[in-house]
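Asks: Test case, fold it:
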Amino acid sequence: MKLSPHAITAIALQSIKTIVDNDSYSGRLAGSSNIPRQRVPVETIFSRLGPRMFKKCYRMTETTFWKLHGLLMPFMKSHSKKRKRGITPNGDIPSSSRLSMALRWFAGGDPADIFQVHGVGYDQVYISVWEVVDAINQCPELQIAFPTDHHAQLTIADGFKKKSRVDFETCVGCIDGMLIWINKPNQQSTRETGVGPKKFFCGRKKKFGITLQGICDHKRRFLDIELGHPGSTSDYMGFTTSAIHKLLLANPNFLAPNLVLFGDSAYVNTPFMATPYKGSHSGPKDAYNFYHSQLRINIECAFGMLVHRWGVLRKPLPVNITVPRATQLVRSLCILHNFCIDEKEAEASAASSNDVLSGMLSGGFVQENARSRPEPLIDSGHHFEDVSRNDQRNIRRRQQRAADLPRDHLLAHIVAMGITTRPAPLASTSTNL
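Replies: Next comes the predicted model:
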């Protein structure tokens, strides 16, 4: 039998009345109050954790946490607003709670656990993450900048000399590239960057990613970072299009006399870059390669410390995070990496099985400060894979024509010390008995 619309409406209303009368309806009724939620102050959370677990959850001590909070608080905005039926019952979420939620997420915490610990709504975890990311990138006291003062550069070189077995005193920084693992970019990311999704695929690592080029000092602090290239870009192409490279070319006196960057074979041997000798397996050149690598490995260690400390980088960033937003996230993590080293925070303890990264929601939280937004990614015509091998070879040859390069002086230093071969291993690496 076919029911009329009025009959259907009457049946539906009667069903709702029956559910309500039986107290089995858990939804909200007209005029009902909000679901009560107990906001937990960070001081209470900290006291429950204790020093050891605090360091595990936040990757820093409580003293360092409050110092970071003091630096970021002026750049963190209030989210309080009047509702249609009244104000927010529990008031605005304190900036300390937002920083607490963000740091725990950076460290690899699960948002489903974080929001319950703090007694807030689930979406507030992600709102806090992006608020803290923007605050970090806007805080002038925390920014990453390559030192322009020659005295500061010589101090870094002296630090590298103390770590060198052969007293290399010309290294002012170690450079390399790292792939930030992401999911295949969505259409919004491709529109914002002007780069197709295939450009983000790194054929060598079989992953989608963004290239992070970093220069570190002897303490493994980042002196310069570049986040503007998709994963298909080579280290060489990423460096030649970077701001630091343009600065080195435009101002030959930017670096103090005799100081150079140390890079691997992906870079080019120039007046401001010392690279290994290719194809050398014995003799002084092989010895130079060994001692060169002894210092250059600091940038690899810096990348390792970055990922080990901030567990969010151990898995691909969720697809709902756009590429421009991902670059801002990684930049803020590099800044926090430097901050922790400056505060003499020991390397973070190993992650537990509970330190997992869940899916990221698309909160639609818009970055309002355009000054902290990264430059658009380069277009498809400037990628490494679009440059022919002959063009690459010609570019390298032009840059290597300069005579009396710093690498030659480093090799001569090795020879003058009477070193003709690399040192023997400290212990056998063989597993055979």
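Asks: Can you give me the domain assignment for the chain?
Replies: Taking automatic domain parsing as the reference, the chain has its domains at 42-77+93-141, 150-323+406-416.
Asks: The last one: end-to-end distance?
Replies: For domain 150-323+406-416, the first and last residues are 27 Å from each other (Cα to Cα, to the nearest Å).
Asks: rewinding a little: so which of the domains of the chain comes closest to Lys344?
Replies: Of all the domains of the chain, domain 42-77+93-141 sits nearest to Lys344, with 9.0 Å by Cβ to Cβ. Where you see a C-beta, it was placed from the backbone N, CA and C, and this is true even at glycine.
Asks: so what does the lengthiest strand in the chain touch, helix or strand wise?
Replies: Longest strand of the chain, by residue count under DSSP state E: strand 171-182. In terms of contacts (3 or more Cβ pairs under 8 Å, 6 or more residues apart in numbering; DSSP states H and E), strand 171-182 is packed against helix 150-163, strand 207-216, strand 222-230, helix 235-240, strand 260-262, helix 283-309, helix 323-342.
Asks: ok so, going back, which one of the domains of the chain has the lowest average pLDDT?
Replies: In terms of average pLDDT, domain 150-323+406-416 trails the rest of the domains of the chain, at a mean of 90.
Asks: thinking again about what came up before, which of the helices and strands packed on strand 171-182 sits most buried?
Replies: Compared across the helices and strands packed on strand 171-182, strand 260-262 shows the largest average neighbour count, a mean of 27 (mean count of other Cβ atoms under 10 Å).
Asks: which outside residues touch that one?
Replies: For strand 260-262, contacts defined as Cβ atoms under 8 Å, 6 or more residues apart in numbering pick out 170-175, 215, 271-275, 292, 295-296, 406.
Asks: Can I get the helices and strands packed on strand 171-182 in JSON lines including distance to Ala250?
Replies: Shown next, in JSON lines, are the helices and strands packed on strand 171-182 (distance: least, Cβ to Cβ, whole Å):
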{"stretch": "helix 150-163", "distance to Ala250": "17"}
{"stretch": "strand 207-216", "distance to Ala250": "17"}
{"stretch": "strand 222-230", "distance to Ala250": "15"}
{"stretch": "helix 235-240", "distance to Ala250": "13"}
{"stretch": "strand 260-262", "distance to Ala250": "16"}
{"stretch": "helix 283-309", "distance to Ala250": "24"}
{"stretch": "helix 323-342", "distance to Ala250": "24"}
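Asks: residue closest to the middle of this protein?
Replies: Note on the chain: the residue nearest the mean C-alpha position is Val330, at 2.7 Å, using Cα atoms, centre = their mean.
Asks: What's the local residue count around the closest residue to that residue other than its chain neighbours?
Replies: Among residues not flanking Val330 along the chain, Ile180 sits closest, at 5.4 Å (Cβ to Cβ, 6 or more residues apart in numbering). By the criterion of other Cβ atoms under 10 Å, Ile180 has 22 neighbours.
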